[in-house]
Structures are given as C-alpha cells and as structure tokens.
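*Asks:* Here is a sequence with its predicted model. Questions after.
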Amino acid sequence: MKIMLKKIKNFILNQILFKTIALALSIFLVVGISFLIRYFVLKSEIEEKELLGNFLGFNRDFNRGVSFNNFSNNLVLTYFLQSFFLFVILICLLLAKDKSIIISLCLIFSGGLSNLIDRFVVDEVVSNGFVYHDTVIDYLQFSFIKNSAIFNFQDIVIVTSWMAFIIRLIIIIFRTKILEKKNEENNI
C-alpha cells in the first residue's frame, strides 16, 4: 500500500511540475512574441500591404470585441467572456493528464491571456484620425478570401492548439475503443 501511495504522490508531483513548467514557458513565449510583434505593428506606418502574394496580407485593425469583433459595443461582456474562457481552460488544464493535451491547453491559455493583456494595455493608438483603446491589435488577413477575418499571432496559437487538442482527443478515443475491443476479445 505504501508503494502505491508513493507512486501516486510521485505521479501527482510530476504532473504539477510538468504543468507549471509548460504553462510558464508557453506564457513567456506566446506573450513575449506577441508583444514584440505588437510593438512593430504599432510602429509601422503601413496600414495595409500584401505579404505573401495573393495569400496573406498585412491589414492593421483594432478589434474591440471578441471573435470577429462580436460584442464590440459591450466592453464589460468582452472582458468577462475572455476571462471566463481563460478560467475554463485553467480548470481543464488542472484536470488533464495527457502531456499533448496539457501542452495544447497551455498554448490556448497563453494565446487567450496575451489577447486579454493586449486589450488591457493602456495606450491610445491613433490610426486614420481615430483614437483606439481597449482593443486587441489584429494585423493578418487571408488575401484570397474576400472580407476574411483579421487576426493576430495569438489567434494563430489558439486555433492551431485547438486543432492539436482535437486531433489528440480523437486519437485517445480511438485507442481506448481499440483497447476495449481487444479486452472483450481476450475475455471471450
């Protein structure tokens, strides 16, 4: 019994250590990179420019809402939704055991946190004669899609991490089903 308790304790400590390091590292990298990009985007005199031919363009935009500028007229709801999303991701992170899932959740959290910090940064940005504050600065747009959403580095991190999360979840589900089927066959 003591050996089993010691193994459980070591597992929990390893999980906490791994999650802490993964979260700290992802926050440092994602927030650091996003604010470095943010600095150059704000210093740039360019408002709009093609980057990769007819595929990707630079189009600076100031997003007061969440997800496609929704709720842009209600900042309280915008802050609440972003904070609630981060809280839910943290709860999922605490419950996660698979390392790939943990890394995906850390990156999703870091991208969301970086967007929230971006919105909280108190600097008034003047562009085209307008003063912007309480905004997330978006700057990339798919040129080949007419009126496509404008997004930033944080959004790329969030979306790709969600995709990795879903793929890993599907793999886990299929592996579980295969193991259950093998166990059923062995018990017959």
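*Replies:* Here it is on my side, so go on.
*Asks:* Quick one: name whatever helix or strand follows the helix with the most length in the chain.
*Replies:* When the chain is parsed with DSSP state H, its longest helix is helix 2-43. Downstream of helix 2-43, the first helix or strand assigned by DSSP states H and E is strand 48-50.
*Asks:* Mind checking the pLDDT average for that following strand?
*Replies:* Mean pLDDT, strand 48-50: 73.
*Asks:* ok, now stretch 26-42?
*Replies:* Stretch 26-42 comes out at a mean pLDDT of 92.
*Asks:* Now it: buried residues?
*Replies:* Neighbour counts over stretch 26-42 (16 or more other CB atoms under 10 Å) mark 26-27, 30-31, 34, 37-38, 41 as buried. For every residue, glycine as well, the C-beta is placed using N, CA and C.
*Asks:* ok, and what's touching it?
*Replies:* Outside stretch 26-42, the residues that touch it by CB atoms under 8 Å, 6 or more residues apart in numbering are 60, 103, 106-107, 109-111, 113-114, 117-118, 125, 137, 139, 152-154, 157.
*Asks:* so where's this structure uncertain?
*Replies:* Applying pLDDT under 70 to the chain flags the ranges 65-74, 122-133, 188.
*Asks:* For S44, which non-adjacent residue is spatially closest?
*Replies:* R60 (7.3 Å; CB to CB, 6 or more residues apart in numbering).
*Asks:* That neighbour - that's part of a strand, no?
*Replies:* Yes - the assignment for R60 by DSSP: H, G, I helix; E, B strand; the rest coil puts it in a strand.
*Asks:* Next one: the residue nearest to C106 when sequence neighbours are not counted from L94, what distance?
*Replies:* Among residues not flanking C106 along the chain, S26 sits closest, at 4.1 Å (CB to CB, 6+ apart). Distance, S26 to L94, using CB to CB, to the nearest Å: 15 Å.
*Asks:* The residue nearest to S44 and L42, how far apart?
*Replies:* Distance from R60 to L42, by CB to CB: 8 Å.
*Asks:* Touching both of these two, which residues are there?
*Replies:* Residues touching both R60 and L42 (CB under 8 Å, 6+ apart): I137.
*Asks:* tell me the strands in the chain, going along the chain?
*Replies:* 48-50, 56-63, 125-127, 130-132, 136-142, 150-151 (DSSP state E).
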